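Peer 1: Predicted structure and sequence below. I'll ask about it afterward.
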Amino acid sequence: MSQDTQTAVLEIDGLRRAFGGLVAVNDLGFSVGQGEIMGLLGPNGSGKTTALNLISGVLRPDAGTIRLMGQNIAGLASYRIARLGLARTFQLVRVLDGMDCRENIKAGLAFQKPHLPVAEAELRIDTLLHRVGLAGHDRRPAADLTYIDRKRLELARALAAGPRLLLLDEWLAGLNPSELAIGIDLIRSLKADGITIVLVEHVMAAVRALCDRCIVMSSGRKIAEGATADVLSDAAVVKAYLGGVATDA
Amino acid sequence: MSARIAGFSALALAALALLAFVPRLGNAYYLALAISLLQYTVLATAWGMFSGPTRYVSLATTAFFGVGAYTVAVLGEILPWPLVLLTAAALGAIVAGIVGLSTLRLSGVYFVIFTFGLTELIRQLVVWFEVNKSRVLGRYVFVNITQADIYWQLLALTAAVFLLGWLIARSRLGFALRVIGEDETVAKHCGINTTFAKVALFTISATVMTLVGAIMAPRWTYIEPSIAFNSMISFQVLIMALLGGAHRLWGPVLGAVPLTLLFELLSARFPNTFTIILGCIFLLIVYMLPRGVAGLFEKLSTRTSGKTAQRVAA
């Protein structure tokens, strides 16, 4: 057996999902080690979000295995996967508008097993509010928050569960330069806490700053994998980005 | 906080004790009216327990009410009364469980239409069974239950529903339902077994509705499917809960009481144009009070506290 630090948190093999004739994810395979940040890159429509949806149980794979800490979670219901230690954010930020910030975070931790004692849960909510930069906004309705604060709240809810693996779907998109710097620092601090992260991102500065390794998808297939700097200079990757969708790159 | 709860429970108990004396007034009309008020209060509150937090609009109230009433019509003379009620509750729970598992994957308008269709389906099944198997059109309900008994049972059920609703709202299940109502996808990713939570609450709510039907059945002495499965009940309960505000436990009662009184008044004075007037009133309600009476109260209270805060700041 390998040592604990070398055990892959996420191991994907032969993953496939088609929508009618369109194969959105085709024979995808990669693994992410403990504490690593893995970037998932590719032009729009290349299958990145579908891959995240397969991993988090929104969609069922047609074939392939997805192992979370060694356990096959392919095809499990989302809530079961969430309880096994996977949390995520969404491409279009989703917070619970009818609730205040505290309750939003509480939603993230209240349904994890074993249940936390109330005092401990309240403490964790305070810590998370502080950590994402929402201290003092406890009772503010989520609907009143600005765009970046909504993103912060969504991240705090995901972290509330104490996840082993965090999936971030374009969490840094739409931020201004100073917000981006704060966001990058925040994600880096999560890595320091030992959280393993898979992030889908178009902001290349963030990818360079954060990702240990990257894989690049195009038309549902993996076309490159490796250390971030190597991947970003790969000829096939440059072609997929610049040749495929010029406006997006 | 606990002092507030204690004060509130004392108030509720006092109100309950006072209401228990209504049958002693000896006025048959008031007793009948009080029974109607309690009936709709329980139905609307039970409706709000599920539909309020999840925002799934159900038109199946009548289906469960009718199942309860028919259980009494069939078993009323065979079994002792408590057993009849228990059987009705169990049947309601079973039907709700099956319906819940098969329909709560539907969302929005599909769920509404399905629940409406369900009522019609159950009614037609009962008609078919009665005509082809039992060879009767209606049934007589001869049980030894007085109007006062009906009233007291409904009062007890009202108390039970509010207690249950209060406990659920404070529980993890209640919180789960609110998260589901806000965003079902997020709920799943928070680790909520959404199907279980929805079916559980739908079943609890439906069991209460079934019990109301069972308790009310002796009032008619003669029951046929068109009486027990009258779809007007579903619509009235929906209107009441929405008028009161389904997002609060105490909301639906704020709609049930005034509307029951209004129905009573209108149906007596304008027996022919009753439904037209009702339709107009409902339009006005939706337009003027989008969050119901409960929402209006909340708005007023935040406005007052906002003003106080402004004054303090100035």
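Peer 2: Here it is on my side, so go on. Residues are numbered from 1 along each chain as shown, chains lettered A, B, ... in the order given.

Peer 1: so A:Leu168 touches A:Ile195, yeah?
Peer 2: No: applying C-beta atoms under 8 Å as the test, A:Leu168 and A:Ile195 come out as separate, 10.6 Å apart. Where you see a C-beta, it was placed from the backbone N, CA and C, and this is true even at glycine.

Peer 1: Next to chain B, which bits of chain A? Give me the list.
Peer 2: Residues of chain A found near chain B (C-beta under 8 Å from any C-beta of the partner chain) are A:56-58, A:77-79, A:82-83, A:87-88, A:90, A:94-99, A:106-108, A:110-113, A:115, A:157, A:161.

Peer 1: Helix, strand or coil: sort out the residue most central in space within chain A for me.
Peer 2: Centrality entry for chain A: nearest residue to the mean C-alpha point is A:Leu167, 1.5 Å, by C-alpha atoms, centre = their mean. The assignment at A:Leu167 comes out as strand when based on DSSP: H, G, I helix; E, B strand; the rest coil.

Peer 1: Over to B:Leu106?
Peer 2: Quick answer, by three-state DSSP: B:Leu106 is coil.

Peer 1: Quickly find the element holding the closest residue to it other than its chain neighbours.
Peer 2: Nearest non-adjacent residue to B:Leu106, counting by C-beta to C-beta, 6 or more residues apart in numbering or on different chains: B:Phe114, 5.9 Å away. B:Phe114 belongs to helix B:109-129 when assigned by DSSP states H and E.

Peer 1: Which elements pack onto that helix?
Peer 2: Judged by 3 or more C-beta pairs under 8 Å, 6 or more residues apart in numbering or on different chains; DSSP states H and E, helix B:109-129 is in contact with helix B:61-75, helix B:81-103, helix B:225-228, helix B:231-244.

Peer 1: Could you tell me how far it lies from the centre of the chain?
Peer 2: Taking C-alpha atoms, centre = their mean, to the nearest Å, the mean C-alpha location of helix B:109-129 is offset from the chain mean by 18 Å.

Peer 1: CA atoms only: put it into CSV for me.
Peer 2: Extracted in CSV, the C-alpha atoms of helix B:109-129 (Å, rounded to 0.1, in the frame of the first residue of the first chain):
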residue,chain,number,x,y,z
VAL,B,109,-46.8,23.4,-12.8
TYR,B,110,-46.5,19.6,-13.5
PHE,B,111,-46.8,18.9,-9.8
VAL,B,112,-49.9,21.1,-9.5
ILE,B,113,-51.6,19.4,-12.4
PHE,B,114,-50.7,16.0,-11.2
THR,B,115,-52.1,16.6,-7.7
PHE,B,116,-55.3,17.9,-9.2
GLY,B,117,-55.5,14.9,-11.5
LEU,B,118,-54.8,12.6,-8.5
THR,B,119,-58.0,13.8,-6.7
GLU,B,120,-60.0,13.1,-9.8
LEU,B,121,-58.4,9.7,-10.2
ILE,B,122,-59.2,8.6,-6.6
ARG,B,123,-62.7,9.9,-6.9
GLN,B,124,-63.3,8.0,-10.1
LEU,B,125,-61.8,4.8,-8.6
VAL,B,126,-64.2,5.1,-5.6
VAL,B,127,-67.2,5.7,-8.0
TRP,B,128,-66.2,2.7,-10.1
PHE,B,129,-65.8,0.5,-7.0
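
Peer 1: Run the angle between it and helix B:231-244 for me.
Peer 2: Between helix B:109-129 and helix B:231-244, the angle comes out at 150 degrees (axes from the mean of the first three to the mean of the last three C-alpha atoms, to 10 degrees).

Peer 1: mind listing what's buried in helix B:109-129?
Peer 2: B:Phe111, B:Val112, B:Phe114, B:Thr115, B:Phe116, B:Leu118, B:Thr119, B:Ile122, B:Arg123, B:Val126 (16 or more other C-beta atoms under 10 Å in any protein chain shown).

Peer 1: Do you know the pLDDT at the last one?
Peer 2: What that stands for is B:Val126. B:Val126 is assigned a predicted lDDT (pLDDT) of 91.

Peer 1: Identify the residues contacting it.
Peer 2: B:Gly66, B:Tyr70, B:Pro225, B:Ala228, B:Phe229 (C-beta atoms under 8 Å, 6 or more residues apart in numbering or on different chains).

Peer 1: How about the lengthiest helix in chain A, which residues are buried there?
Peer 2: Using DSSP state H to assign secondary structure, the helix with the most residues in chain A is helix A:177-192. For helix A:177-192, burial by neighbour count (16+ other C-beta under 10 Å) applies to A:Glu179, A:Leu180, A:Gly183, A:Ile184, A:Leu186, A:Ile187, A:Leu190, A:Lys191.

Peer 1: What of stretch A:88-104?
Peer 2: For stretch A:88-104, by 16+ other C-beta under 10 Å, it's A:88-90, A:93-96, A:98-104.

Peer 1: about what we covered before: just give me the closest of the contacts of B:Val126 to chain A.
Peer 2: Closest approach to chain A among these (C-beta to the nearest C-beta): B:Gly66, at 33.7 Å.

Peer 1: Number of residues surrounding the closest one?
Peer 2: Neighbour count of B:Gly66, defined by other C-beta atoms under 10 Å in any protein chain shown: 28.

Peer 1: got it, and B:Gly68?
Peer 2: 29.

Peer 1: need the contact list for it.
Peer 2: B:Ala88, B:Leu91, B:Gly92, B:Met209, B:Thr210, B:Leu211, B:Val212, B:Gly213, B:Ala214, B:Ile215, B:Met216, B:Ala217.

Peer 1: let's see 6 Å
Peer 2: B:Ala88, B:Thr210, B:Gly213, B:Ala214 (C-beta atoms under 6 Å, 6 or more residues apart in numbering or on different chains).

Peer 1: For chain A, see how far away it is.
Peer 2: 33 Å (C-beta to the nearest C-beta, to the nearest Å).

Peer 1: A:Gly45 in helix, strand or coil?
Peer 2: A:Gly45 - assigned by three-state DSSP - is coil.

Peer 1: Kindly state the pLDDT recorded for it?
Peer 2: On the pLDDT scale, A:Gly45 gets 87.

Peer 1: Can you show me the helices along chain A?
Peer 2: Using DSSP H, helices in chain A cover A:48-55, A:78-83, A:101-109, A:118-131, A:147-160, A:177-192, A:204-210, A:228-233, A:235-238.

Peer 1: An error on my part: the question was meant for the stretch 151-300 of chain B.
Peer 2: Here the stretch 151-300 of chain B has its helices, by DSSP state H, counting those that start in this stretch, at B:172-182, B:184-189, B:194-216, B:225-228, B:231-244, B:251-269, B:274-288, B:292-313.
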